[in-house]
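>>> sequence and predicted model, in that order:
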Amino acid sequence: MSVAGFNKAITHHYHSLKPFAISLTQNNVDAEDLVQDTMFRALKYQEKFTHNTNLKAWLLIMMRNIFINNHRKKNVRKTQAVDTNESMYLFDNQTSVRNLALSQLVVDDINRALQKLPKEYKKIFIMYCEGYKYQEIADYMTVPLGTIKSRIHWIRKNLQEALANYKFK
C-alpha cells in the first residue's frame, strides 16, 4: 500500500475511532488526544501493517495499547510521587517521631546497589521502573528484545542479592 493510500485509509477511520476512545478515557479531550496519538503511531509504524488485513482492528488494538501504556505510566508516577509515611503522619493527631535514620540507610543501600550497575543497565532499569514495556526499551536502546529481557532479569537478580538483608513486600 502506498503512503498516500495508507494515509487516506487511516483518515477514513478517524471518526470511527473516537467512540472507542471515549469509552476508554471517559473524557472528550483525552479521547481526542488518544485518537491523535493512535494516528501518529499508525503513521510511524505503517510498514508493520500487513496489507489486506483489517486496518480498523489494527488501529483499535493500537489505541487500546496506547491507553493501557499511558494508564500504567500515570499510575507509576502517582505511586512514586506519594510518600505514604508523610501522608499518614499528616492525618495522625498523635505526636510521634519518625526515625529517618533507618529509612535513610535503606535508601543508601539501594543507591549503592544501583551505582554498581553498568551505566547502560541503569538506564534500562530506570525505564523499566517507570513502566516502559520491554519492546519500548529495546526500541529506545536499539538492542534486541531478548537482550533487554535478560538484562532486566540480571539487574533484578543482582539487586535482590545486594539487598538480601531487607525483606521487601
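Noted; the coordinates are in hand.

>>> okay, now the domains of this protein?
Following automatic domain parsing, the chain resolves into domains at 3-81, 99-162.

>>> for this structure, where's the lowest mean pLDDT among helices and strands?
Lowest on mean pLDDT, DSSP states H and E among the helices and strands of the chain sits helix 84-91, with a mean of 52.

>>> can you map out the strands along this protein?
Counting by DSSP state E, the chain has no strands to list.

>>> quick one, what contacts Ile152?
Neighbouring residues of Ile152 by CB atoms under 8 Å, 6 or more residues apart in numbering: Ile124, Phe125, Tyr128, Tyr134. The C-beta positions use only the backbone N, C-alpha and C, and glycine is treated the same way.

>>> farthest pair within these?
Within those, Phe125 and Tyr134 form the most distant pair, 12.3 Å apart (CB to CB).

>>> in terms of neighbours, single out the busier of these two.
Regarding Phe125 and Tyr134, a neighbour count based on other CB atoms under 10 Å identifies Phe125 as having more, with 20 against 17.

>>> surely the more buried one and Leu114 touch.
Yes: using CB atoms under 8 Å, Phe125 is in contact with Leu114, at 7.4 Å.
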